[in-house]
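> I'll drop the sequence and a predicted model, then ask my questions.
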Amino acid sequence: MKEQLAKIRAEALAAFEAAQDSAALDALRVQYLGKKGELTAVLKMMGKLSPEERPAMGQLANEVRAALESALEQQGRKLEAQALTARLQAEAVDVTVPGKKVSIGHQHPMYIALDEIKDIFIGMGFDVLDGPEIELASYNFDRLNAEEGHPSRDWSDTFYFDEDSRVMLRSQTSPMQVRAMETRELPIRIIAPGRVYRKDEVDATHSPMFHQVEGMVIDKGVTMADLKGTLNTVVEQLYGKGTKTRFRPHHFPFTEPSCEMDVQCHKCGGVGCPTCKGEGWIELLGAGMIHPKVLEMSGIDPNVYSGWAFGVGLERTAMRRFKIADLRLIFENDMRFLEQF
Ligand code: DAH
């Protein structure tokens, strides 16, 4: 039995040392020290020894077991350390490799211009509203006093969804006036930016989709002087102090009186040049005093309340703000263009 124990000890220690990973080591643990293991088998035979032999043999067996256990533990730690080192090497990050460039985008020039406009109006106490691009013709036309037969309702100008011309892509942001009157308490001071759609061919100044900003004020005692004062202030903030404007009479179905507002040409200072087509002035927006019928249709008494409204094209405003010559540049998303802002 003594030889048997010595043999097990020698074999086991050699096997442990040769184990390549912890799974192999574990299998060896079972092979030698498990319930059906080799050492266990020898220990079970202890009972057959004579009482004189038993203590010495018992001690030896315990020594062997202790030796195996400690060798197992040592080898286990060694393998663990090896595995860790291997993993660290495999997963090492080379901090000297050049990184990937993260390119961060920025706002589109038109939205930069829109934010400037929003800031100005918010500073004057206006709220900013959002509304649907798929709109009812009753909001886009009827309740803005553009009756059946009005040229802007024509199929050649407007994208309708149905044969009866009731649902459409809004052709202006003006229906937001009606929506604001419907949902807001008086007095009302709002702007409503957004996309609008018309059947226009694409060229340097036209696109079937473009953006407008609608503005509206309704309160007691509001006059044309408020309209002029407010819009002049906005233009000075957008284009610089002392920027000259002029108001020309015009016609819109939803305002009376109606006007268009021009800004003095920034290129020639009013003398006349190609930019302003020799006029000295550039048309900026449409505006006017809200027609009493429009107020009435939305349940507001025109004898008590009055208001003004305007609509401005956002692309054109941005083009002037950033001196962009061609409208198409705004929509093409050419990075060489966009990166300039
Ligand atoms: N909706 C008009 C257009 O698209 C612009 C406009 C003119 C809006 C006068 C207004 C306004 O609110 O009062 O041409």
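On my side now, so go ahead.
> next up, the contacts around residue 28.
Taking CB atoms under 8 Å, 6 or more residues apart in numbering, we find residue 28 in contact with 12, 15-16, 19, 72. C-beta here means a position set from N, CA and C on the backbone, and glycine is covered the same way.
> now it: closest residue in space, sequence neighbours ignored.
residue 15 (5.3 Å; CB to CB, 6 or more residues apart in numbering).
> show me how far the one helix or strand the one you found maps to is from its chain's centre.
Assessed by DSSP states H and E, residue 15 sits inside helix 2-18. Distance of helix 2-18 from its chain centroid, counting by CA atoms, centre = their mean, to the nearest Å, is 69 Å.
> now do stretch 180-200
For stretch 180-200, the distance to the chain centre is 23 Å (CA atoms, centre = their mean).
> go on, stretch 164-172?
On CA atoms, centre = their mean, the centre of stretch 164-172 falls 29 Å from that of its chain.
> quick check: longest helix in the protein by residues?
If you go by DSSP state H, the chain has its longest helix at helix 53-90.
> show me what counts as buried in the helix or strand just after it.
As assigned by DSSP H and E, the chain's next helix or strand after helix 53-90 is helix 109-123. Using 16 or more other CB atoms under 10 Å as the test for burial, helix 109-123 gives 109-111, 113-114, 117-118, 120-121.
> any chance of TSV for these, columns distance to residue 141?
Shown next, in TSV, are the buried residues of helix 109-123 (distance: CB to CB, whole Å):
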residue	distance to residue 141
109	32
110	27
111	29
113	28
114	26
117	26
118	27
120	30
121	26
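> can you redo those as CSV with distance to the ligand and pLDDT?
Formatted as CSV, those follow (distance: CB to the nearest ligand atom, whole Å; pLDDT from 0 to 100):
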residue, distance to the ligand, pLDDT
109, 22, 94
110, 17, 94
111, 20, 95
113, 18, 93
114, 17, 96
117, 15, 97
118, 17, 98
120, 17, 97
121, 14, 98
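> as a markdown table, the contacts of residue 28 with distance to residue 208 and pLDDT would be great.
Shown next, in a markdown table, are the contacts of residue 28 (distance: CB to CB, whole Å; pLDDT from 0 to 100):
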| residue | distance to residue 208 | pLDDT |
| --- | --- | --- |
| 12 | 86 | 86 |
| 15 | 82 | 88 |
| 16 | 81 | 87 |
| 19 | 76 | 88 |
| 72 | 80 | 89 |
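> from these, pick the one nearest residue 136.
residue 19 (80.4 Å; CB to CB).
> residue contacts, that closest one?
25, 28, 75, 79.
> next: residue 326.
residue 204.
> measure stretch 273-288 end to end?
29 Å (CA to CA, to the nearest Å).
> show me where the stretch 201-341 of the chain has strands.
209-219, 245-252, 255-264, 281-290, 306-313 (DSSP state E, counting those that start in this stretch).
> please work out which of these is packed deepest.
strand 306-313 (a mean of 24; mean count of other CB atoms under 10 Å).
> partner strands of it and their direction?
Strand 306-313 has the following strand partners under DSSP bridges: strand 209-219 (antiparallel), strand 281-290 (antiparallel).
> for the stretch 1-150 of the chain, give the residue positioned nearest to the ligand.
Across the stretch 1-150 of the chain, no residue is closer to the ligand than residue 144, which sits at 8.1 Å (CB to the nearest ligand atom).
> oh sorry, the question was meant for the stretch 101-250 of the chain
For the stretch 101-250 of the chain, CB to the nearest ligand atom, closest residue to the ligand: residue 172, 3.6 Å.
> who are the contact partners of that residue?
Per CB under 8 Å, 6+ apart, neighbours of residue 172: 140, 196, 212, 214, 311.
> show me what whichever strand or helix holds residue 195 is packed against.
Element membership for residue 195 (DSSP H and E) is strand 188-197. Judged by 3 or more CB pairs under 8 Å, 6 or more residues apart in numbering; DSSP states H and E, strand 188-197 is in contact with helix 109-123, strand 127-128, helix 175-183, strand 209-219.
> for the third one, output the C-alpha coordinates as CSV.
Taking Å, rounded to 0.1, in the frame of the first residue of the first chain, the C-alpha atoms of helix 175-183 are listed here in CSV:
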residue,chain,number,x,y,z
PRO,A,175,-54.5,78.1,-41.5
MET,A,176,-52.6,78.3,-38.2
GLN,A,177,-54.3,81.6,-37.7
VAL,A,178,-57.7,79.7,-37.6
ARG,A,179,-56.2,76.9,-35.4
ALA,A,180,-54.9,79.5,-33.0
MET,A,181,-58.2,81.3,-32.8
GLU,A,182,-59.9,78.0,-32.2
THR,A,183,-57.7,76.8,-29.4
